[in-house]
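Asks: Structure for the following, please:
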Amino acid sequence: MTVESAQPEATEAASKPLEPEFAAGALPVLGHSWKMVRDPVGFLTRLRDHGDVVRIRLGPKTVYAINSPEHTGALGLSPDFGIGGPLWDTVEVLLGKGVVTSNGATHRRQRRTIQPPLRMDAIQRYESVMVEEARTLADRWRPGDTVDVTAEAFRIAIRVMARCLLRTENIDELSDRLNAALHIVITRLFRRMCLSFGPFYRLPLPSHREFDRALAEMHRLTDELIAERRRVPMDGPDDLLSVLFEAKDENGEPISEQELHDQVISFLTASSETTGVQLMWILDLLTEHPEHAERLREEVESVVGDRTITLGDVRKLTHTNNVITEALRLRPAVWILTRRAFAETELGGYRIPAGADVVYSPMAVQRDPRSYERHLEFDPDRWLPERAKDVPKYAMVPFSVGNRKCPGDHFSMAELAIILATVIPKWRFEFVPEADRSTHVGLTLQPTRLLLKAIPR
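Replies: Predicted coordinates for the structure are as follows:
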């Protein structure tokens, strides 16, 4: 064999993708599931010590964990990966085949349908709903009240989304029922993701029956919302349901009743859950750091004054938006995401087999000390232009990236800014001893029971 004939073989061997190492500590049968259930964020964060791509076991299944901004971006932008994996397999029980869980041509069509009314230039039609609900929230409290922020945040997020879906005043009972059912479903789904033993959840245990009842209630309420909208027709696309009613499938026909149902339940659950949780963490952080609450108040008074806030004002509230962005970095509601490989591929020089599930934590990526100085410190000023330019690409991914980026990101940011700009100038908050600020782990991460004393400014 000549040197020339040997060279291609050596090059091929040198470029062969590596097999990621297995993380230590897996148990028989359970694998790393017990660590995910006990301390999911800590477990996923510590995986970076094993490398940028690591294999773990969730039950009997091998899953590939991604631990760097570069690989997170590559995962989100690669056509070789789509929605799938233990998270989405579990969430599909609730959301069906809506835009959140679909893939390929179906996802592209669904996204084209729902994206226009959620763009920043179209959100103005929902401005009045956001402002009204924020003012109702701020006006409901009395000096010295102990505010259950966990309950209040979910309530306003669900009410805003429900009213944007359906312009009717008959929304109070529906919102309360949605809130109760959604809380049960979301908190139980995470355990089902980590411990994916399907037959076990068919056992007639009380907790399983409670979950099944709550899930059925969510679907029943979604159908009620659609029926109510059809009962009271409106001229023009004044709400999100109007847009869905007018949507067409790939053959130019109206979308099916099942797809309509799946899209509505995706709006109700994905949007209200994440926005509500994010509001909790922002108020928690502003109570812990009152100097930033005071700066936020001063900014709102300077820009808005005594008049009603508008979306035009929101764009000028630099510190307010930086507070929201930093809270999204440090304590994102969506802390875990999964993908599935459509074909054998590689990521960062590591082999990913066809059908393999990939997991990453936006929280772990956004708290990486390699990307951020004082990575655990709440510092909204890190998002000022002169400092933000130093943040590595894809080191800030609270809404994901690529064609799976959350279509409601502008909607959520505007809603949070309007709520803060309405509440903070009127109230400051203090922690109360009976509060439980520990993190409750579900498909989202939230304070277990955030109680704050409301003190007028």
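
Asks: rest of the way, CA atoms for contacts and neighbours
Replies: Fine.

Asks: Kindly list the main-chain dihedrals of the residue sitting nearest the centre point of the chain?
Replies: Closest to where the C-alpha atoms of the chain average out (CA atoms, centre = their mean) is Val334, at 3.7 Å. Val334 adopts backbone torsions of phi -90, psi 100, taken as degrees, to the nearest 10.

Asks: contacting residues around the residue nearest to it when sequence neighbours are not counted?
Replies: Spatial nearest neighbour of Val334, excluding adjacent residues (CA to CA, 6 or more residues apart in numbering): Thr444 at 5.3 Å. The contact partners of Thr444, taken as CA atoms under 8 Å, 6 or more residues apart in numbering, are Ile186, Glu273, Thr274, Val277, Ala333, Val334, Trp335, Ile336.

Asks: now that we have the residues you listed, which one has the most neighbours?
Replies: Ala333 (27 neighbours; other CA atoms under 10 Å).

Asks: I'd like the distance between that one and Thr274.
Replies: In this structure, Ala333 and Thr274 are 6 Å apart, going by CA to CA, to the nearest Å.

Asks: which of the residues in the helix or strand encompassing Met130 are buried?
Replies: Element membership for Met130 (DSSP states H and E) is helix 127-140. For helix 127-140, a neighbour-count test (16 or more other CA atoms under 10 Å) marks Glu127, Val129, Met130, Val131, Glu133, Ala134, Arg135, Leu137, Ala138 as buried.

Asks: Same question for stretch 248-255.
Replies: For stretch 248-255, by 16+ other CA under 10 Å, it's Ile255.

Asks: and if you look at stretch 67-82?
Replies: 67-77, 80-82.

Asks: Provide the contact partners of it at residue level.
Replies: 45, 47-48, 51-53, 66, 103, 339-343, 345, 347-348, 360-361, 364-365, 392-396, 400-404.

Asks: Write a PyMOL command that selects only the buried members of the residues you listed.
Replies: Restricted to buried positions by 16+ other CA under 10 Å, the PyMOL selection for the contacts of stretch 67-82 reads:
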select buried, resi 45+47+48+51+52+53+66+103+339+340+341+342+345+347+348+360+361+364+365+394+395+396+400+401+404
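
Asks: So which of the contacts of stretch 67-82 sit within helices?
Replies: Thr45, Ala364, Val365 (DSSP state H).

Asks: Just name the closest of those to Ile455, please.
Replies: Of all those, Ile455 sits closest to Ala364, with 34.5 Å by CA to CA.

Asks: Contact partners for Ser271?
Replies: Counted by CA under 8 Å, 6+ apart, Ser271 has contacts Ala157, Met161, Gly408, Ser412.

Asks: measure Asp306 to Gly31 for me?
Replies: The value you get for Asp306 to Gly31, if CA to CA is used, is 58 Å.
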